[in-house]
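Trainee: my questions concern the predicted model and sequence given below.
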Amino acid sequence: MITRFGLLVYVWVGLLISAAPAENETPRSNSANDLAAQVTIPYQEFRRLLDAATAAGKPEDTPDLAGAVTRAVIKLSFDPTHPSGEAEFDINNFGHKWVFIPFFGLDFPITNVVSESAVVIPHDGVLCLLTNRPGSTKVTLAFDLPSALVTGRGESVSLQIAPVTSGQLEFGNLPAGKRILVGGTNVDVTKPLPISAQGGEIRVKCVTDTPDSPTVWSQITQTLATPTLESIQIESHIHLSGATGSGLSAVAELPLAVSKLEVIGADLQPAQINASGSGHRKITLTWETSGILDRNINPEPGRPWQIESPHFGKELDPQTSLTVITSLPGSTIQSDNGQSGSDISQLPYWMQSKRSGIEPDVTAPRRC
């Protein structure tokens, strides 16, 4: 007990000595302008201020991406009295710097724009969100569609969509006797059509829903075969003409070994190949617009050495189809029924551009 009391006395006396001013010490000023004035704050508050100052001095930690479209819903109305559209986007910005975030491109008038916390402006040919505020912004657009779109004559509109996490295209007020094609494919307008996450161009077309009445086609085939050291490159141009029918489809027989044949042409949907009897396959072509009875197509064979072209119709009489086989440099081609020559001026124009600078060839008319 005595020792403890002595310790307390010693501590108390020490405090008195340290608190007494030194002999030569100048009394402290109470002036508010005294630079020696001190402020005492709790340690937790000091730590918070220090962390905030340290973070402000560091570069902003943001992804290598100005922003992104996380949701897109586009609604198209095909009302003949006022075709129009509405689009709603959720757009995220990831930093505090001013950025353009592209989200939508279209070639027709915009009638209304609503944006929660940013500005929508055109930039580099597309609509962009101009913002420096991180977080999500909702943008709503209203626009008019061309009146010609709903006539059913094959007019189309193009929508440019930025990559989107989740998106869909909806259709409404479609007149009777019309159908909608997106990218050349028929769509069910009673349910939303998902938008690819990659975005890109969406081409929408309204066509007359005409029943497919068969067309008897006549065919002219022009084929250019160019041998190389490894294979034979084949290019064919086929012209189909008809007198009656809808002109919406054409069918040809293929050898069973041909499992792939791409056909390129205006207004043409992807070709369908199915088995048809023993040893054969059937290829069916379908066009989007009815009433066109002159068609030009370019089949691309799955095998580069396959010269025989598909027969979608009967050859015109007199014979008009043509096959041109070019020769390798330093070699010749013998043909029993063909005509040899190097005058390319007698060839179709598209062949002349391909044949420029090639050695003499054998030009062989043949029945397709």
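Mentor: Nice, thanks for sending it over. Numbers count the residues shown, from 1 in each chain.

Trainee: could you list the buried residues of stretch 121-131?
Mentor: Under the neighbour-count criterion of 16 or more other C-beta atoms under 10 Å, stretch 121-131 has 127-129, 131 buried. Backbone N, C-alpha and C define where each C-beta goes, glycine included.

Trainee: in helices, which of the residues you listed appear?
Mentor: Mapping those onto helices (DSSP state H) picks out no residues; all lie outside.

Trainee: okay, and which of those residues map to strands?
Mentor: Among these, the residues falling in strands (DSSP state E) are 127-129, 131.

Trainee: which one of those is nearest Thr151?
Mentor: Using C-beta to C-beta, the shortest approach to Thr151 within these belongs to Leu127, at 27.3 Å.

Trainee: immediately after whichever helix or strand Asn298 is part of, which helix or strand?
Mentor: Asn298 is located in strand 294-301, with elements delineated by DSSP states H and E. Next helix or strand after strand 294-301 toward the C-terminus (DSSP H and E): strand 314-315.

Trainee: rounded mean pLDDT for the helix or strand just after that next one, please.
Mentor: Next along the chain after strand 314-315, taking DSSP H and E as the criterion, comes strand 322-326. Mean pLDDT, strand 322-326: 80.

Trainee: neighbouring strands for strand 322-326, and are they parallel or not?
Mentor: Paired strands of strand 322-326, with direction, are strand 217-227 (parallel), strand 361-365 (antiparallel) (DSSP bridges).

Trainee: need the residue closest to the centroid of this structure.
Mentor: The centroid of the chain falls nearest to Gly200 when counting by C-alpha atoms, centre = their mean (2.0 Å).

Trainee: and that residue, what does it touch?
Mentor: Applying C-beta atoms under 8 Å, 6 or more residues apart in numbering to Gly200 gives the contacts 160-161.

Trainee: and it, bridged to which residues?
Mentor: Bridge pairing for Gly200 - DSSP bridges - gives Ile161.

Trainee: okay if I get the buried residues of stretch 121-131 as JSON lines plus pLDDT?
Mentor: JSON lines is the format used below for the buried residues of stretch 121-131 (pLDDT from 0 to 100):
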{"residue": "Leu127", "pLDDT": "96"}
{"residue": "Cys128", "pLDDT": "96"}
{"residue": "Leu129", "pLDDT": "96"}
{"residue": "Thr131", "pLDDT": "94"}
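
Trainee: tell me which two of the residues you listed sit farthest apart.
Mentor: Leu127 and Thr131 (13.2 Å).

Trainee: how far off centre is the helix or strand encompassing Leu50?
Mentor: According to DSSP H and E, Leu50 maps onto helix 43-57. Mean C-alpha position of helix 43-57 versus that of the full chain (C-alpha atoms, centre = their mean, to the nearest Å) differs by 47 Å.

Trainee: what mean pLDDT does it get?
Mentor: 76.
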